[in-house]
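Chemist: show me how the following folds:
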Amino acid sequence: LLNRLRSVRSILTLWYSAVLLAGFAVFAIAVNLYLKSILLASLEQNLLDEVDWIGRLVEVDRMRFKGAGSLEGLSSDIEHRIMDHFTRGPRNYVVMLATTGGRVLYRSGSPTDADLAPGLSGPDASHVRSIDDPRSGKLRVASRRADPFVITVAYSEHTIDVVLDHFLSVVAILVPAALLMSLGGGYFMAGIALRPVLHITRLTDRITAERLDLRIPARAVEDELG
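Modeler: So this is what the prediction gives:
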């Protein structure tokens, strides 16, 4: 068994499998990073779209209703429209509407202990950032300042982590299977490649003092074996 492991056929098989395994590892890492960047970019765009939607809703509402209401001069149904929009959606957002002075007027969504105060400076500026939440891990937060309000929409990055974990689980199953196939296939292909060497070895073993007339036939292809 030790001699077989030291054979050229076994060494070629092991090198082939090692290179293939390294290629799988690089591929998995690259795809994992690419998926994460794509999913984060998609989440950020969705958050910005929701922030813009609330901003337009608030702006139109302020133009239509200038009297006192439930949210610092906004009409009384604004909270219901925001709540209805986010509770019917498939995602569990955290939504906060506050004044530029920091007083929270409305907050909905999943419970979180994180500080969602954005600290924006310029008017109509949008900003996306990640913050740590003791309850749900990392939150991706988009904020926009539309004087006299600051609109914030947050969503947990846990869903992205779940998708990436599923991908890595699939890779962890497929890579060993592919590695076993490469070991079998590599050993078989190495045997085919080294078959002429075995043929030459058998012929040279037959060339003795009594059989000096024997010759190794020339190969049709001028390669290393030829």
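
Chemist: drop to CA atoms for contacts and neighbour counts, all remaining ones
Modeler: Fine.

Chemist: quick check: residue 215 is in a helix.
Modeler: No - counting by DSSP: H, G, I helix; E, B strand; the rest coil, residue 215 falls outside a helix, being coil.

Chemist: can you pull the contacts of it?
Modeler: By C-alpha atoms under 8 Å, 6 or more residues apart in numbering, the contact set of residue 215 is 203, 207.

Chemist: residue 181 is in contact with residue 13, correct?
Modeler: No - under the criterion of C-alpha atoms under 8 Å, residue 13 makes no contact with residue 181, lying 11.2 Å away.

Chemist: those two: which is more packed in?
Modeler: Between residue 13 and residue 181, counted using other C-alpha atoms under 10 Å, residue 13 has the larger neighbour count: 22 against 13.

Chemist: where does that one land on pLDDT?
Modeler: You'll see residue 13 listed with a pLDDT of 84.

Chemist: am I right that it is in a strand?
Modeler: No - under three-state DSSP, residue 13 falls outside any strand and is assigned helix.

Chemist: now for it: which residues touch it?
Modeler: Residue 13 touches 183, 186, 187, 190, counting by C-alpha under 8 Å, 6+ apart.

Chemist: can you list the buried residues in stretch 50-64?
Modeler: If you call a residue buried by 16 or more other C-alpha atoms under 10 Å, then stretch 50-64 has these buried ones: 50, 51, 52, 54, 55, 58, 61.

Chemist: same question, stretch 35-42
Modeler: Those would be 35, 36, 39, for stretch 35-42 by 16+ other C-alpha under 10 Å.

Chemist: narrow those to those in helices?
Modeler: In helices, judged by DSSP state H, the following of those are found: 35, 36, 39.

Chemist: was I right to think the last one contacts residue 160?
Modeler: Yes - with contact defined as C-alpha under 8 Å, residue 39 and residue 160 form a contacting pair (6.6 Å).

Chemist: part of a strand, is residue 140?
Modeler: Yes - with three-state DSSP as the criterion, residue 140 is part of a strand.

Chemist: state the number of residues packed around it.
Modeler: Counted with other C-alpha under 10 Å, residues neighbouring residue 140 total 19.

Chemist: before we move on, the earlier item: of the buried residues of stretch 50-64, which belong to helices?
Modeler: 50, 51, 52, 54, 55, 58, 61.

Chemist: what residues are up against the fourth one?
Modeler: Read it as residue 54. 82, 151.

Chemist: what strand or helix carries residue 105?
Modeler: Assigned by DSSP states H and E, residue 105 falls within strand 104-109.

Chemist: now do that strand: distance to the chain's middle.
Modeler: 31 Å (C-alpha atoms, centre = their mean, to the nearest Å).

Chemist: isn't residue 93 up against residue 82?
Modeler: No - with contact defined as C-alpha under 8 Å, residue 93 does not reach residue 82; the gap is 11.3 Å.

Chemist: count of residues packed around residue 183?
Modeler: 20.

Chemist: quick check: phi and psi at it.
Modeler: Main-chain dihedrals, residue 183, degrees, to the nearest 10: phi -60, psi -50.

Chemist: wait, what's in contact with it?
Modeler: 13, 14, 17.

Chemist: how confident was the prediction at it?
Modeler: For residue 183, the predicted pLDDT is 83.

Chemist: next one: residue 79
Modeler: Value listed for residue 79 in the pLDDT field: 68.

Chemist: am I right that residue 200 is in contact with residue 216?
Modeler: Yes - counting by C-alpha under 8 Å, residue 200 does reach residue 216; the two are 6.9 Å apart.
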